[in-house]
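Visitor: Okay, predicted coordinates and the sequence, questions at the end:
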Amino acid sequence: MSAYKDEERGTWYVSFYYEDWTGTKKRKVKRGFRTKKEALNFEVEYKRTAKANMDMTMGEFVEVYFRDKALSLKDRSIKNKRDTMNAQLLPYFKDRPMNSITPAEIIQWQNTIIAKGYSDDYLKTIQNQMTALFHHAKNIYNLADNPCDKVKRMGKTSKKKMKFWTIEEYRQFMTGIKPGSKYYVLFELLFWTGVREGEALSITPADIDFEKNLLHINKTYYRMHGKDVITSPKTEESNRTVSIPEFLKKEI
C-alpha cells in the first residue's frame with residue numbers, strides 16, 4: 001500500500017516510486033489529502049502523466065506517443081504515421097519543446113508545407129498527424145494548450161468519383177484470363193462480391209458457408225517489410241457477411 005495516514009496532521013499522504021518518460025525510477029511523496037481515496041487517485045494520475053513532461057522535444061514526445069499507441073494501432077497504421085511525422089513534422093519541430101510551439105509557428109509550418117504543392121488529401125493527412133500528436137499531449141499529459149486548435153486546418157478530402165465496370169466491360173476483360181485458374185476465380189470474387197483486394201487475399205475455406213452461399217469477411221492481408229501480414233480489418237464495420245451467387249460458389 002502506498003497511501004498512509006499522517007496521524008499528526010490527521011490527513012493522508014502517498015509515497016511511491018514511478019518511472020519517468022526516460023525510464024528512470026524516482027520516488028514521489030505528496031501530503032495533505034483528506035482521504036485515502038484522494039491520495040491513491042493522485043498516485044494513479046501522477047504515474048500516468050509522469051511518463052512525459054511537456055518540456056521534452058517533439059522528437060522525444062513522438063516516441064512516447066507511439067509507445068502509448070502500440071496496442072491500439074495496427075503495425076501498418078503506425079508505419080504510415082511515423083513516415084508522415086518523420087518527413088513533414090520532425091524536420092521543423094524535432095528539437096522544439098512541446099510546450100513552446102505556438103499557433104503562429106503552426107501557421108508558418110502550414111504555409112511551408114502547402115508551398116510544396118501537395119494534394120489536398122495529403123495536406124489533410126499531414127495536418128491530422130500534427131493535430132493528433134498535440135491532442136494526445138493535451139489530453140493525456142496535461143499540455144496546457146493545443147496550438148492546432150487555434151488555427152485553421154490545412155487540406156481537405158477531395159470528392160472522388162467512383163468508377164465501375166459494366167458487366168459487358170468486365171466480361172471483355174475476363175476474356176484475357178484463363179477460365180478455372182486461381183486468377184479467374186479471384187477476379188470473379190472481387191467483381192461479384194465487392195470485397196477489397198486485401199480482404200479477398202485473406203479468405204480461407206472456413207470463411208465460406210457453402211450451404212447458405214455466404215462469405216464471411218473478418219480479416220485482411222497486406223505486405224509490410226517484405227513479410228505477409230494478416231490482421232483483423234481496420235474498422236469494426238469491415239467485419240461483415242456477403243451473399244455469393246450460386247455460379248460463383250461453384251467456381252470457388
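Guide: Structure received.

Visitor: What segments of the stretch 151-252 of the chain are strands?
Guide: 208-209, 214-217, 220-224, 227-231, 240-243 (DSSP state E, counting those that start in this stretch).

Visitor: if you average pLDDT over the first one, what comes out?
Guide: Spelled out, that is strand 208-209. For strand 208-209, mean pLDDT rounds to 93.

Visitor: Pairing partners for it, with directions?
Guide: strand 214-217 (antiparallel) (DSSP bridges).

Visitor: so where is this protein shaky, pLDDT-wise?
Guide: Residues of the chain meeting the criterion pLDDT under 70: 1, 21.

Visitor: rerun at 80
Guide: Confidence mapping of the chain against pLDDT under 80 gives the ranges 1, 20-23, 48-53, 157-162, 225, 233-236.

Visitor: can I see the domain layout of it?
Guide: 3-50, 58-150, 167-251 (automatic domain parsing).

Visitor: And those: which comes nearest K160?
Guide: Among these, domain 58-150 comes nearest to K160, with 8.8 Å by CB to CB. Using the backbone N, CA and C atoms, a C-beta is placed for each residue, glycine as well.

Visitor: and the strands of the stretch 151-252 of the chain as TSV, adding mean neighbour count and distance to F93?
Guide: Listed next are the strands of the stretch 151-252 of the chain as TSV, based on neighbours: other CB atoms under 10 Å; distance: least, CB to CB, whole Å:
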stretch	mean neighbour count	distance to F93
strand 208-209	14	50
strand 214-217	17	40
strand 220-224	15	27
strand 227-231	12	31
strand 240-243	13	41
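
Visitor: Next, format the ones you listed as TSV and append distance to F187.
Guide: Shown next, in TSV, are those (distance: least, CB to CB, whole Å):
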stretch	distance to F187
strand 208-209	17
strand 214-217	15
strand 220-224	16
strand 227-231	21
strand 240-243	16
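
Visitor: In a markdown table, list the domains of the chain along with distance to K159.
Guide: Converted to a markdown table, the domains of the chain look like this (distance: least, CB to CB, whole Å):
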| stretch | distance to K159 |
| --- | --- |
| domain 3-50 | 41 |
| domain 58-150 | 10 |
| domain 167-251 | 21 |
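
Visitor: Identify, out of the ones you listed, the most deeply packed stretch.
Guide: domain 58-150 (a mean of 16; mean count of other CB atoms under 10 Å).
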